[in-house]
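Student: have a look at this prediction, sequence included:
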Amino acid sequence: MDAETLEKLEAIVRAVLEMPDSADVENSRQVATRRWDSLAQVMMIAAIESEFDIIIDPADYNRLTSFKSIRLLLDEKRL
């Protein structure tokens, strides 16, 4: 994943989860992030699909439980 794509992904996660600039986005996980509930999950998926012009298969939704897993999925889609 190139630096620009990574920055965009970090910005999406930071915005959806209302994380301050100082927060460690790269190590964020659903189980450890209070704001990462089901609504935030849907908002994040919608924002990622819109920003990167992709469609995330609903079967993959449950995989998206951390920043690293989201990044891996996007890497698989060659972003």
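Tutor: Now that the structure is in, tell me what you want to look at.
Student: now stretch 1-8: mean pLDDT?
Tutor: Across stretch 1-8, the average pLDDT comes to 94.
Student: show residues contacting it.
Tutor: Under the contact criterion Cβ atoms under 8 Å, 6 or more residues apart in numbering, stretch 1-8 has outside partners 9, 51-52, 71, 74-75, 79. Placement of C-beta: from N, CA and C, glycine included.
Student: what's the answer for stretch 51-70, then?
Tutor: 5, 8-10, 12-13, 25-31, 41, 44-45, 48-49, 73-74, 77, 79.
Student: 10 Å instead, please
Tutor: 5, 8-14, 17, 24-33, 36, 38, 41-42, 44-46, 48-49, 72-74, 76-79 (Cβ atoms under 10 Å, 6 or more residues apart in numbering).
Student: among those, which are in strands?
Tutor: Counting by DSSP state E, the contacts of stretch 51-70 place none of their members in strands.
Student: derive a ChimeraX selection command for the buried subset of these.
Tutor: Buried residues among these (16 or more other Cβ atoms under 10 Å), as a ChimeraX selection:
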select :8,9,10,12,13,14,17,25,28,30,33,36,41,44,45,48,73,74,79
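Student: re earlier: just give me the least confident of the contacts of stretch 1-8.
Tutor: Within those, pLDDT is lowest for residue 79, at 67.
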